[in-house]
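1. the sequence and its predicted three-dimensional model are supplied below.
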Amino acid sequence: MKAIRYNDYGAPDVLRYQEIEKPIPEDKEILIKVKSASVNPLDWHMMRGRPLFMRVSTGLSKPKHNGLGADVSGVVESVGAGVTKFSPGDEVFGDVFETGLGSLAEFAKTREDKLVLKPKELSFDEAAAVPVAAITALQGLRDTGRIQSGQSVLVNGASGGVGSFAVQIAKSFGAQVTGVCSTRNLKLIESIGADHAIDYTKEDFANKEDKYDLIFDAVGNRSVPDLAKALKLNGRCVIAGFTNMSRLMHHIFRGAWESKTSSKWVGLMPTAHMEQKDLEFLADLLAANKVHSVIDRVYPLEKAAEAIEYLETGHARGKVVIQIS
Ligand SMILES: NC(=O)c1ccc[n+]([C@@H]2O[C@H](COP(=O)([O-])OP(=O)(O)OC[C@H]3O[C@@H](n4cnc5c(N)ncnc54)[C@H](OP(=O)(O)O)[C@@H]3O)[C@@H](O)[C@H]2O)c1
């Protein structure tokens, strides 16, 4: 089968489109004929081996696993003997990250608890856009952010992969949502349901009079004092985005101090984990038309390096999808 592989860390030109062996599903695993995949910042971090601390688990000088891509949608090709929930021919979507073989391939495999049935209403591209980005938004808002109906919620980075889902998921929880984006994306975030939009090239949300019950930060570029300034008393700020190591350390330590010494909580969300019940929850929201995948660009598999290069600019509008023909 054709797949994207990389043997060294580096820029997108380390990615090779090549012929490799088709994976074989083990006991609890499912082999998927991939229709679409989507890319996330996670993929270019894996490709570059950056930040360096991640190499403790991904391989010190070379990647331990050579496949790339977590998000997948496709058709079940075959199943291991211990699989009970899926059969060949089922249309599914989910996550293949843990196998290390990647979704940027004609076939991918994963455990059955990392997949759900794809609602008929969704295209394969729309379904592939969902897993990592929407699970991050859902778990950040609901579990770390403790979102409640009627709250005022600010989403920083509202036009990106995670942010575009965060705006819609926060609306589905009954929140009043303000999205922060650049000028060219104002209409986009209003079209997906944001009640208000702030253009970060013209206004600083930290210096406005409006204060929020919950901030979901999908960029990770702001200081803790700035984030805290924009919160109401007892407000919470969930940081999902990563910009660099010194910002990350600031978010961890200054956030812990802010949370201990004031009524506001500012901190990182834990790494999103692919829970089947959460994928099912999202599948229902998508099938009910309450949430849509915002797709920016679609690339063929052989151009995956270009897709990652585009995502690395940090200015994608929604998700970048890879189609496997
Ligand atoms: N904690 C976790 O488990 C987890 C999981 C997934 C992702 N993440 C992290 O979450 C972050 C977002 O991921 P993503 O998939 O949404 O990335 P993305 O799609 O690459 O985000 C791009 C978006 O960020 C916006 N943006 C860039 N600079 C901005 C600024 N200064 N203010 C407001 N918006 C800005 C861009 O809007 P403009 O073009 O308008 O500037 C663009 O729409 C990444 O750092 C990623 O590593 C964390």
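-> Noted; the coordinates are in hand.
2. longest helix of the chain, counting residues only.
-> As assigned by DSSP state H, the longest helix anywhere in the chain is helix 245-261.
3. contacting residues around that one?
-> 51, 53, 220-221, 223-225, 228, 237, 239, 242, 264-268 (CB atoms under 8 Å, 6 or more residues apart in numbering). C-beta: built from backbone N, CA, C; applies to glycine.
4. what lines up beside the next helix-or-strand element following that helix in the sheet?
-> Downstream of helix 245-261, the next assigned helix or strand under DSSP states H and E is strand 265-268. Here strand 265-268 has these sheet partners by DSSP bridges: strand 231-239 (parallel).
5. okay, the angle between the strand it pairs with and helix 245-261?
-> Angle of strand 231-239 versus helix 245-261, following axes from the mean of the first three to the mean of the last three CA atoms, to 10 degrees, is 140 degrees.
6. who in the stretch 151-300 of the chain is up against the ligand?
-> 156-157, 159-163, 180-182, 185, 200, 218-221, 240-242, 269, 271-272 (CB under 6 Å from any ligand atom).
7. take those residues and keep only those in helices.
-> 161-163.
8. burial count for the one residue in the stretch 101-250 of the chain that gets nearest to the ligand?
-> With CB to the nearest ligand atom, the shortest gap between the stretch 101-250 of the chain and the ligand falls at Gly160, namely 2.6 Å. Neighbours of Gly160 under the rule other CB atoms under 10 Å: 27.
9. okay, now the nearest residue to it once chain neighbours are set aside: neighbour count?
-> Excluding the flanking residues, the one nearest Gly160 by CB to CB, 6 or more residues apart in numbering is Ala218, at 5.8 Å. Here the count is done by other CB under 10 Å, and Ala218 has 26 residues near it.
10. once you drop chain neighbours, what's closest to the residue most central in space within the chain?
-> With distances taken as CA atoms, centre = their mean, Ala133 lies nearest the centre of the chain, 2.1 Å away. Leaving out its chain neighbours, the residue that sits closest to Ala133 by CB to CB, 6+ apart is Gly161, at 4.0 Å.
11. same question for Ala105.
-> That would be Ala3: by CB to CB, 6+ apart, it lies 3.4 Å from Ala105.
12. follow-up on the earlier one: need the contact list for the residue nearest to the centre of the chain.
-> So Ala133 contacts 38, 40, 71, 161-162, 164-165, 319 (CB under 8 Å, 6+ apart).
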